[in-house]
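Asks: Let's see this in three dimensions:
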Amino acid sequence: MKETKHIFSPYEKFVIAILALLQFTVVLDFMVLSPLGAILMPGLGISTSQFGLVVSAYAFSAGASGLCAAGFADKFDRKKMLLFFYVGFVCGTLFCGIVNSYLLLLYARVITGIFGGVIGSISFAIITDMFSMQVRGRVMGVVQMAFAASQILGIPVGLYLATHFNWHAPFLMIAAFALLIGTVIALRLKPVTGHLQGKQDKNAFIHLWHTASNPFYLRGFAATILLATGGFMIMPFSTAFLVNNILIPEAHLSEIFFITGLASIVTGPYLGKQADKYGKYRLFIFGSIISMIMVMIFTHLGPNPVWVVILTNIILYTGISSRMISSSALISGVPEMQDRGAYMGINSSIQQVSGGVAAFVSGLIVYQPAKNAPLQHFDTVGYVTAGTMLVTLGMMYFIDRQVSKKLHVVHA
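Replies: Okay, the predicted model is just below:
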């Protein structure tokens, strides 16, 4: 595949940047809660199970709202849809920053999830509408940096604010920053209405059903389930594994995640360019092979110096980033323009729920005999994760073939 010579216009660069910043706030709001557990639990006087419910409440409400909104996603200007849900997200995050009881915090996380869970799908629909498949890898590479940026910038700042003020402060910071981004979107982003020109189902629920039951779309949904499984099975217990099995002092954890995140920010745009230059599926193959090898190495590690863990993490997350960027670009080519909002909404919901199920299954496999004892059967999680990655390789091959065929028909 020849490298594209496309040069982004100033407005296209603005759209990419603002959507990346928007994703940063949404991802950070989701990720910042877990590290606050040590401060929040004694502050509210809640148990670990209650805190776990607060964390999972966002994911499940996000999954439910994404599915409910999917039928309506293609019936409105995408800018108006984005602003509506982003305003709700800002209000929910602000609510988290002012509540003083467990029950109110639980309600606040549900509200934030209801609105925040739809924002990602709308953003990806806008990217798909505005940018051709030939340059979509580069766009996804920049937007996906939001995950790494939230890890190396947002979480340390959030923890600093929570430590020096209280656990409300990180949410107030996110709400203030998100309000600024929302204002810029309202003033600068142009209406996105190209999808309204095509033929559409009059009834939102019929539109949802037609999208959810499309045989070609079902392949994309199935691939998303396994893609989410590949990431979320290892993630929940990786920190405990580092401390209890690899014997990394807790003081070095922030150093490990900071350097790993910094490396992801540097490699993200580069990997996006390679996806456009050599092909999305080729990058996915590369990322999957690297990920499978490094997952097996990581889950079998014993006591090691910090530098070995950092190097292992950097290579592992390079593989995972390659899979995320290339698969996001490929799957974005699955739906027709008039179905993109609904497709992305369903896809986002499936991703949220699959991630939750994967984390739950991982918890059933792994166990810790005693406090501070090494985790048992974490290597089994590695085998399962590598297996899902191998199966996903075959599924993405058929999606790549179908998307390529559709593009050839369009250009013909």
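
Asks: How about the contacts made by A62?
Replies: Neighbour list for A62: G113, I114, G116, G117, V118, S348, S349, Q352 [criterion: Cβ atoms under 8 Å, 6 or more residues apart in numbering]. All C-beta spots, glycine's among them, are computed from the backbone N, C-alpha and C.

Asks: Where is pLDDT lowest across the residues you listed?
Replies: The member of these with the lowest model confidence is Q352, at 75 (criterion: pLDDT).

Asks: Looks like that residue contacts S61 (just checking).
Replies: No. The pair Q352 / S61 is not scored as a contact, 9.1 Å apart, by Cβ atoms under 8 Å.

Asks: For those two, indicate the residue with more neighbours.
Replies: Q352 (25 against 21; other Cβ atoms under 10 Å).

Asks: can you give me the helices for the stretch 201-350 of the chain?
Replies: In the stretch 201-350 of the chain, the segments counted as helices under DSSP state H, counting those that start in this stretch are 204-213, 215-232, 235-244, 253-278, 280-299, 306-331, 340-365.

Asks: can you pull the buried residues of the first one?
Replies: Yep, that's helix 204-213 we're talking about. When neighbours are counted by 16 or more other Cβ atoms under 10 Å, the buried residues of helix 204-213 are found to be A204, H207, L208, H210, T211, A212.

Asks: go on, the third one?
Replies: Applying a neighbour-count criterion of 16+ other Cβ under 10 Å, the buried positions in helix 235-244 are P236, F237, S238, T239, F241, L242, V243, N244.

Asks: re the thing from before, now, which of the buried residues of helix 204-213 sits nearest S404?
Replies: For S404, the closest of the buried residues of helix 204-213 turns out to be T211, at 21.6 Å, with distances computed as Cβ to Cβ.

Asks: what's the spacing between the closest one and E336?
Replies: The spacing between T211 and E336, counted by Cβ to Cβ, to the nearest Å, is 9 Å.

Asks: show me what contacts S362?
Replies: Neighbours of S362 in contact, by Cβ under 8 Å, 6+ apart: F232, M233, I234, P236, F237, V381.

Asks: Please read the previous query as pertaining to A329.
Replies: M133, R136, G137, V139, M140, G272, A275, K280.

Asks: For the last one, give me the pLDDT.
Replies: Predicted confidence (pLDDT) for K280: 89.

Asks: Buried subset of the contacts of A62, written for ChimeraX?
Replies: Burial among these is assessed by 16+ other Cβ under 10 Å; the matching ChimeraX selection reads:
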select :113,114,116,117,118,348,349,352
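
Asks: And for the closest residue to D74 other than its chain neighbours, the neighbour number?
Replies: Nearest in space to D74, with sequence neighbours left out and distances taken as Cβ to Cβ, 6 or more residues apart in numbering, is G341 at 4.1 Å. The number of residues packed near G341 is 32, by other Cβ under 10 Å.

Asks: try M292
Replies: Using other Cβ under 10 Å: M292 sits among 20 other residues.

Asks: Please, which helix or strand holds the nearest residue to it once chain neighbours are set aside?
Replies: In this structure, M292 finds its nearest non-sequential neighbour in A386, 4.4 Å apart by Cβ to Cβ, 6+ apart. Per DSSP states H and E: A386 is located in helix 378-411.

Asks: picking that back up, can you list the buried residues of helix 235-244 in TSV and add pLDDT and distance to I174?
Replies: As requested, the buried residues of helix 235-244 are arranged in TSV below (pLDDT from 0 to 100; distance: Cβ to Cβ, whole Å):
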residue	pLDDT	distance to I174
P236	66	22
F237	73	26
S238	78	24
T239	75	22
F241	83	29
L242	85	27
V243	83	27
N244	83	31
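
Asks: From the chain's centre, how far out is the helix holding A386? Work that out for me.
Replies: In terms of Cα atoms, centre = their mean, to the nearest Å, the gap separating the centre of helix 378-411 from the centre of its chain is 18 Å.

Asks: and what of stretch 119-129?
Replies: 13 Å.

Asks: And for stretch 46-65?
Replies: 17 Å.

Asks: again, but for stretch 69-79
Replies: Averaged over its C-alpha atoms, stretch 69-79 has a centre that lies 21 Å from its chain's centre (Cα atoms, centre = their mean).

Asks: and it, which residues are buried?
Replies: Of the residues in stretch 69-79, those buried by neighbour count under the rule 16+ other Cβ under 10 Å are A69, A70, G71, F72, A73, D74, K75, F76, R78, K79.

Asks: who touches the last one in this structure?
Replies: In this structure, K79 makes contact with I126, I185, L189, K190, P191, V192, judged by Cβ under 8 Å, 6+ apart.

Asks: shouldn't I290 be in contact with T318?
Replies: Yes. I290 is in contact with T318 according to Cβ under 8 Å; the separation is 6.6 Å.

Asks: Settle it for me: which of those two has more neighbours?
Replies: Neighbours per residue (other Cβ under 10 Å) separate I290 from T318, with T318 holding more: 22 against 19.

Asks: OK, contacts around that one?
Replies: Under the criterion of Cβ under 8 Å, 6+ apart, the contact partners of T318 comprise A263, S264, T267, L271, G287, I290.

Asks: before we move on, what about V295?
Replies: Under the criterion of Cβ under 8 Å, 6+ apart, the neighbours of V295 are I234, L316, G382, T385, A386, M389.

Asks: Next up, the contacts around the nearest residue to the second one once chain neighbours are set aside.
Replies: This points to L316. Closest residue to L316 apart from its sequence neighbours, by Cβ to Cβ, 6+ apart: M294 at 3.9 Å. If a contact means Cβ under 8 Å, 6+ apart, then M294 has T312, I315, L316, G319 as its contacts.

Asks: The spatially closest residue to F216 that is not a sequence neighbour and I310: what is the separation?
Replies: Distance criterion Cβ to Cβ, 6+ apart; nearest residue to F216, sequence neighbours excluded, is Q402 at 6.1 Å. Noted for Q402: a distance of 39 Å to I310, by Cβ to Cβ.

Asks: what's the burial count for the residue nearest to R219 when sequence neighbours are not counted?
Replies: Taking Cβ to Cβ, 6+ apart, and ignoring the residues beside it in sequence, R219 has I399 as its nearest neighbour in space, at 5.6 Å. By the measure other Cβ under 10 Å, the count of residues near I399 is 23.
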